[in-house]
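Undergrad: Sharing a model that was predicted from the sequence below.
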Amino acid sequence: MCGRFVQKTPASVMAQLFRTSNPLPNVRARFNAAPGQEIAVVRRHPETAERSLDLLTWGLVPSWAKDRKIGWKTINARAETVA
């Protein structure tokens, strides 16, 4: 999983490109998006197939985690060391 990335495309452009149907979230450009921050994500509803642009928290939080902050520590998780 990638630890950091750039997200600078305006929400209006993302909504047009992906044909999302919901009201646009208040998104600002992120030039160093890090785990724990909210980023814009395009999601597809499994039943209606409608796309929406939503703000979600970036990071991998395992189902067994008791604290969401573990998502910041597992950003560099590797398949080779899973055992």
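TA: Structure's in. What do you need?
Undergrad: show me the contacts for residue 41.
TA: 53-56 (CB atoms under 8 Å, 6 or more residues apart in numbering). Every C-beta, even on glycine, is put in place using the N, C-alpha and C of the backbone.
Undergrad: Return the member of these nearest to residue 21.
TA: Using CB to CB, the shortest approach to residue 21 within those belongs to residue 53, at 9.1 Å.
Undergrad: these two touch, right, the closest one and residue 13?
TA: No: between residue 53 and residue 13 there is no contact under CB atoms under 8 Å: 10.4 Å.
Undergrad: who are the neighbours in contact with residue 20?
TA: Contacts for residue 20 (CB under 8 Å, 6+ apart) come out as 14, 42, 51-53.
Undergrad: Please repeat the previous calculation with a cut-off of 10 Å.
TA: The neighbours of residue 20, taking CB atoms under 10 Å, 6 or more residues apart in numbering as the test, are 11, 14, 40, 42-44, 50-54.
Undergrad: Let's see which of the residues you listed end up in helices.
TA: Taking DSSP state H as the definition of helices, those contribute 11, 14.
Undergrad: Sitting in strands, which of the contacts of residue 20 do you find?
TA: If you go by DSSP state E, the contacts of residue 20 have 40, 42-44, 51-54 in strands.
Undergrad: got those residues as a markdown table, with pLDDT and distance to residue 4 columns?
TA: Written out in a markdown table, the entries for these read as follows (pLDDT from 0 to 100; distance: CB to CB, whole Å):
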| residue | pLDDT | distance to residue 4 |
| --- | --- | --- |
| 40 | 95 | 15 |
| 42 | 96 | 20 |
| 43 | 95 | 21 |
| 44 | 96 | 25 |
| 51 | 96 | 25 |
| 52 | 96 | 25 |
| 53 | 96 | 21 |
| 54 | 96 | 20 |
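Undergrad: are any of those residues buried, and which?
TA: Among the ones in strands among the contacts of residue 20, those scoring as buried are 40, 52-53 (criterion: 16 or more other CB atoms under 10 Å).
Undergrad: that older thread, so which of the contacts of residue 20 comes closest to residue 62?
TA: For these, with residue 62 as the reference and CB to CB as the criterion, the closest is residue 43, at 20.5 Å.
Undergrad: Good, we can wrap up now.
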